[in-house]
Structure formats: C-alpha cells, structure tokens
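Chemist: Pasted the sequence and its predicted model underneath.
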Amino acid sequence: MQNPLPRVALGLYAAAVAVAAACTPTQPPPGRPAVLPAPNFTPDSLRQPIVVRSQNRLLEATLEVVQTPLSVPGVGTLNLRAYKLLQGNGISYADSNKVAYPGPTFRIQRGDSVRILLINHLPQDTTENECESYSAYNQGRDTFPNCFHGPNWTNIHYHGMHVTPDSTGDNVLIQIGPDSTWQFAFGIPQNQSPGTHWYHPHKHGSVALQVTNGMAGALIVEGGGLDSLTRANNIKEYLVAVQQVDSQVNLVGTAVASKLLVNGQLNPVIVMRPNEVQRWRLVNENVSKSTTYTLVFEDSTGRAEPKLYDIARDGVQFAPANYSTASPDTNLIVAPGNRLDMFVQAPADTGFHLLNARVVASNVRAQRELPQARGNARGVTQSLLRVRVVNDGTPVQTQLPPSLPPLPSFLNNLQPTADTAAYVVFTDSGAQGGNGPAFYLGRRDSVYMKFNPDSVFLPLPLDRTQTWKVSNNSANGLNHPFHIHVNPFQVVYVYAPLSTDGNQPLYQQINAAAAGGFPIWMDVFPLPLSNGDDAGYIVLRQAYEDFTGKFVMHCHILGHEERGMMQLLDVVGPGGSTSTAGGGHRH
C-alpha cells in the first residue's frame, strides 16, 4: 500500500527554514514565553530544554526530524537523528537553539488543543519493508514486521496522555516517511492527569534506534493540586531527563553508550541552599534492559545526604495517604519509560553530593549480562547528577509540605467489576529453547503471539473497567516493563516469588499502598521475575473511557517491542462499534 501522506514542497520547505533561521527567540511577541533557563550558578549547572507553553488554550509547534552530527558528552561526535524545533506558538528559533536532545519541553493544560506539525527530513530509506539489511538481523528468528527496519520512518507517541488514539491523535499505527509531513491535532480532556509525561517516536521497527538517538522530550500537563501546592510553597522545579545517547542500538537493548546524561549533560550540577526543598520531574527516556535504576545519594564521607520523597508516578500524583514527611525514600526505582516526581530536601551543611543511578540486576543471569555487576548484587552504579549546597543568603523554601492535596475525582480508586479478567503473558525465546532473541506477548490460551497489526488481541468495552493479570514467564531473568497506551492503570497486587528480584522494594511499596486502600497509578511497570515454574505477576485495573479505537500494549525495553513483544488493542463502543487508526500504510 502506498504512503498517502502529503509531501512537503521543497521550495516551501526551504523558505520556511530560511524564515526560521532569520528570526531570533530572544524577543518573543508580548505575552508569549521566552526560553526558561535554569539559574546560571556554575558553568556545569543543569540546563533546562527550551519550553513551549500553550497560549490562549492552544499549543502549536513545528518539529523537523533531521540527521546531523551532534556532540555526546563523554563519547564524542555521533551522527544522530534529532528533533529540530522550527517554531512554537509563532516564535521562530535560531539554528543554535533548534537541534538538541532531549527535544523541547511542551507545557499544556487540561482543555487545551495541541497542534504539532512533524516534518520528516531524514534521508530516503528503501528498507521499510524488510529486515535483512541490519547487523542485528537474526535469520530464523526475525520475521517482518518484528525486526529492526525502516530507520528513517517515524511518528510521535504522546506517552501518558489520555487522548484519542485515532487519526491525528496518539496514533502509533501511522508511518511518516522521509520528505513527508503529518499534522497531529487533538484536545486534552478534563480527566487527563496533570503531571510529567513525555513524547517519543513509536514507529514499529525504528523506535528503539530513534529514542536511543535522543528523540524524546517532556510533555507536562500543568494545573491541579500538586502544582498549586508547589507554587504556594515557592518550591523551585527542575526537569531531569535521563538518557543514554548512541548512534546505533542492538534490538535486545544492551549495546548502548555507557554514559548517562541528564538534559544532554554529563554529571550536571543542581544548586540548592541549606535545607531547601525542590521538586524534580525525572523522566527515564532509555530503551534497554539495563536501564532500570535505583536512585540513591551515596557518598562515603559520612555526611548527611539530600533526602528524596516521591510524590507522583508516571505523571499521576500520589494519594495523600501514600506520602509522609517522616519517611524519606531510599529505594526509588524507575524502569524505562517511567516518570518520577519527587521532593528533594538538601542537608543543612554546604558541599557537593552525588546522585547515582544503580542498575537493578535481578539475579545471577542478569548479572552475567552486566559484566560490570559481577561481585555486586545491586548492579552497575552510574553517576547521574551532583547537588551543590551553598549558603549565599538566598531565601528559599526549607519546609516540606506536610501533606499532598486530595486527588481529583476522576482519579478515584477503580472498583472491582464482574467483567472477565484478561490474562496477559510476557515470555521470551528462553522459554522455548533455540538460539537468538525472540520476544512474545500473548494470553493464557495463546502465549506465543508476536505483534500483528491486523490482529486485535482483545476488544475492550468503552466505559467499562477491567481487571487484568499480567504474568512474566521470561526464562532470561528479565523484568519486562509492561506499558499500555491511552489509559493509565492502578496496580492492586504484585506477586514476586523470587526474593533476589531487584525490584522488590518497588513491589513492597506498591503492595503497601494497595493494602492501605489507595493503589498507585502507573503506565509502565517492571514485571516481577518468575522462580522456575512459579511465574511472577501483577494484578491491575483500568477503565476505558472517552475514546474508541486501536492502540497497543508492549514491553518498554524497546528492542523487545521491535522483535514482537507488543499487541494491538481495540476499544469498542456499543454493539462493537469502533473507529480506525488510519493515515499511513500498515506495519
């Protein structure tokens, strides 16, 4: 089937680029936002990406996708695919500001409209329909479309957003070819959770490569009680986008650059005052199985370290009962795709403090796949950022908010229903024998299904709630991160039979919250490991509200998704009515 997407007239495109290059972002029109920089305390202070806010209930932006040499700190210059911001709400940006990883941060509110024009200016690519051209191709295991293919075809997934999956919305079934454009346009409903979300490509076959190249950015929905609380307390806020950036990626996800970057920087500095409280929005924008991290301040000086208090997961605020100023968090775990909002409180003394990301290595086999982890059951430790506490007399907030605001009514607990529960099974090639990686997602009666864009895994009833059991039958000792689009879910129970599972602290937190009557909302969850024939699993609830149409669930180790660990879902209305997620040729 031919690609029906409109082509960009080269003359018009060149003119648009010339106009954008001639303009400057330093003098925006009255009432429109300029770039919001981080305080410039030191040359290595954490920088914030360019921010584009909605204006008059509309966010309008133009993103171009280009391939260009970019400097990667600690690695060198690599030829990367990247987002290039041409304009945001009518403001054009000079060339020096446009191309970067991560991409621009978009800030919107409930009730806004979003219009993002994506221009694919990557080189021509004739490999969209075949697997065999790539070094990661595994003959006998890789069959189209479940392989790495079409690296220069793209789209955008609005991760964490409760918006339509059809047409010009969060439609990951479209494929935007080189020299093509696509106009994304959708509304933000009032029951969208305010919080920290993100966007990234999701074209099956190229998503792992493009995200590893750095194509990702934050998408923050402002408003709601948590934002009001931090503003009322004059709490400073930072985006912390965590990436490993490389020009190539192995589909399994291990061959990525070793350097861990924050907002494109290596070991940047956040300046705090004694006892200051800040809010950090952390986004784990990584793709591989070795990028599930425990966040911990760990110096060997014996000094007091900054304290961390998590207040939201995956863009959904915690219920007040799940927050306590008396209990700082010592095992904050984030898997690929997870977001974590937290209050950070500096110690009373001045000095530097190092925040590390310790790789969660779950068992003996996982440690064998992380050679640096041998002899260290907790896995590889990588430095993430530094905190510099200075006492310069600047007035700051030094008291933690005593409690969190109540959740809005649309985030009330989902109640058990009589709906038939789904049983979803994640498994991999180790469960079947043979050589080479292959990944599957299925259900109890058909557990070895691979992604098929023409086959719906399970029709879901509009305006209903379902309870699912999601099981991990992995023989390779992997905590496959389960992710579903459009609707977040509440985790009501975790069964983790392997005591050495490195995610046990997270599972204990989740179970304690559910037992206390307030299950935590998430949209990515690292599944517990099996212990022989005793499979780990989670029980979750989700409601299918507002939108019919097709979307996907998958493993957020994106190389696993590329090799088939993904399934198509379809929300249907009364009588089985649905709409289609068209607008491009099929996978």
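Modeler: Alright, I've got the coordinates. Numbering: from 1, shown residues only.
Chemist: does the closest residue in space to Val334 that isn't next to it in sequence have beta-bridge partners, and which?
Modeler: In space, and not counting its chain neighbours, Val334 is closest to Asn284: 4.6 Å by CB to CB, 6 or more residues apart in numbering. Backbone N, C-alpha and C define where each C-beta goes, glycine included. On the basis of DSSP bridges, Asn284 is bridged to Val242.
Chemist: What ranges does the stretch 401-550 of the chain have for its strands?
Modeler: For the stretch 401-550 of the chain, the strands defined by DSSP state E, counting those that start in this stretch cover 422-428, 439-443, 456-461, 464-472, 481-484, 489-495, 521-522, 524-526, 536-544, 549-555.
Chemist: For these, which has the smallest mean pLDDT value?
Modeler: Lowest mean pLDDT within those: strand 456-461, a mean of 86.
Chemist: all strands of the stretch 251-400 of the chain, in order?
Modeler: 261-262, 265-266, 269-272, 277-284, 293-297, 307-313, 316-317, 332-334, 339-345, 351-359, 381-389.
Chemist: I'd like to know which of the strands of the stretch 401-550 of the chain is closest to Gly315.
Modeler: strand 521-522 (8.5 Å; CB to CB).
Chemist: so Leu85 makes contact with Ile50?
Modeler: Yes: A contact is recorded between Leu85 and Ile50 when judged using CB atoms under 8 Å, the distance being 6.2 Å.
Chemist: Quick check: pLDDT value at the residue nearest to Val334.
Modeler: 97.
Chemist: wait, what's in contact with it?
Modeler: Val242, Thr291, Tyr293, Val334, Ala335, Pro336, Gly337, Asn338, Arg339, Leu340 (CB atoms under 8 Å, 6 or more residues apart in numbering).
Chemist: From Val52, how far off is the second one?
Modeler: Between Thr291 and Val52 the distance, using CB to CB, to the nearest Å, works out to 27 Å.
Chemist: And for the fourth one?
Modeler: Distance of Val334 to Val52, computed by CB to CB: 25 Å.
Chemist: any idea which helix or strand of this protein has the worst average confidence?
Modeler: Of all helical and strand segments in the chain, the minimum by mean pLDDT, DSSP states H and E falls on helix 10-22, at a mean of 31.
Chemist: hang on, the earlier thing: let me have the strands of the stretch 251-400 of the chain in JSON lines, adding distance to Val75 as columns.
Modeler: Shown next, in JSON lines, are the strands of the stretch 251-400 of the chain (distance: least, CB to CB, whole Å):
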{"stretch": "strand 261-262", "distance to Val75": "9"}
{"stretch": "strand 265-266", "distance to Val75": "9"}
{"stretch": "strand 269-272", "distance to Val75": "20"}
{"stretch": "strand 277-284", "distance to Val75": "19"}
{"stretch": "strand 293-297", "distance to Val75": "19"}
{"stretch": "strand 307-313", "distance to Val75": "28"}
{"stretch": "strand 316-317", "distance to Val75": "34"}
{"stretch": "strand 332-334", "distance to Val75": "23"}
{"stretch": "strand 339-345", "distance to Val75": "25"}
{"stretch": "strand 351-359", "distance to Val75": "17"}
{"stretch": "strand 381-389", "distance to Val75": "14"}
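Chemist: wait, which of those strands is closest to Thr230?
Modeler: strand 277-284 (5.1 Å).
Chemist: and the direction of that closest one versus that of strand 381-389, what angle?
Modeler: Taking axes from the mean of the first three to the mean of the last three CA atoms, to 10 degrees, one finds strand 277-284 and strand 381-389 inclined to each other by 160 degrees.
Chemist: Ala512: which of the strands of the stretch 251-400 of the chain is closest?
Modeler: That would be strand 307-313 among those, by CB to CB, at 13.0 Å.
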